[in-house]
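A.B. asks: Structure for the following, please:
(chains A and B)
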Amino acid sequence: GAVVSQHPSWVICKSGTSVKIECRSLDFQATTMFWYRQFPKQSLMLMATSNEGSKATYEQGVEKDKFLINHASLTLSTLTVTSAHPEDSSFYICSASNRGSAHNEQFFGPGTRLTVL
Amino acid sequence: KQEVTQIPAALSVPEGENLVLNCSFTDSAIYNLQWFRQDPGKGLTSLLLIQSSQREQTSGRLNASLDKSSGRSTLYIAASQPGDSATYLCAVLSNDYKLSFGAGTTVTVRA
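C.D. replies: Numbering: from 1, shown residues only, chains lettered A, B, ... in the order given. Below is the predicted model of the structure:
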């Protein structure tokens, strides 16, 4: 099956710093990548959708200036949490999809645990 | 906006019992429905994907049904094992290619 990796798997940072999370599709070209956030004991909430080479589309209530998304190639998308605060502590999961595939299935990365002190 | 509900929120059964997990969604205009497993602190493992034109999918001890018109799906896990303990998430892919997730059912299988 298709493999998606995320790096780092966990990160601890001080309040006010910026953190970059990478999402890579290892064995397929991802025309679309998605970023989700999951708070403890809650389900995944879609933050934004990014298509390769174009600007990301953010869900309502997600600040695009705080969560910068770049999808510069068909195998890499990055999420930068700028000026992170403790309330940004969460589990961030990306997924990748090739819209030309038969099922439009999203393949998920293993997630990144962000803790902001 | 698509709303996905999973019942029950938690389930505890003795080993060997069959598990029945329910998922309902409000908008029947879907592309597909997927069941995932999530272990504590981990990412998602895809279990089964049912296209909107299909009624069910099977993989080993797992069987998932889909009734699109009534907005329901059920995941059956036969002969449960302690290793089946996890949170099971239902997700619906709408025609705008966005996945909407339920809150999950946390399953505990007692040895």
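
A.B. asks: Can you list phi and psi of B:Asp84 for me?
C.D. replies: Note on B:Asp84: its backbone torsions stand at phi -80, psi -10 [degrees, to the nearest 10].

A.B. asks: Can you tell me which residue sits nearest the middle of chain A?
C.D. replies: With distances taken as CA atoms, centre = their mean, the residue of chain A nearest its centroid is A:Trp35 (3.4 Å).

A.B. asks: Near the closest residue to chain A within chain B, how many other residues are there?
C.D. replies: The minimum distance from chain B to chain A, using CB to the nearest CB, falls at B:Gly43 (3.9 Å). Every residue, glycine included, has its C-beta placed from N, CA and C. Neighbourhood size, B:Gly43 [other CB atoms under 10 Å in any protein chain shown]: 20.

A.B. asks: before we move on, what about A:Gln60?
C.D. replies: Residues lying near A:Gln60 (other CB under 10 Å) number 5.

A.B. asks: gap between it and A:Leu46?
C.D. replies: 10 Å (CB to CB, to the nearest Å).

A.B. asks: cool, and B:Thr108?
C.D. replies: B:Thr108 is 28 Å from A:Leu46, where distance means CB to CB.

A.B. asks: Next, please give the residue ranges for the strands of the chain.
C.D. replies: I went with chain A, as the question did not name one. For chain A, strands defined by DSSP state E occupy the ranges A:4-7, A:10-13, A:19-25, A:32-38, A:45-51, A:57-58, A:67-73, A:76-81, A:90-97, A:107-108, A:112-116.

A.B. asks: ah, no, chain B please
C.D. replies: Here chain B has its strands, by DSSP E, at B:4-7, B:10-14, B:19-25, B:30-38, B:44-51, B:56-59, B:62-67, B:72-77, B:86-94, B:99-101, B:105-110.

A.B. asks: Would you enumerate the residues in contact with A:Thr78?
C.D. replies: Counting by CB atoms under 8 Å, 6 or more residues apart in numbering or on different chains, A:Thr78 touches A:20-23, A:69-70, A:72.
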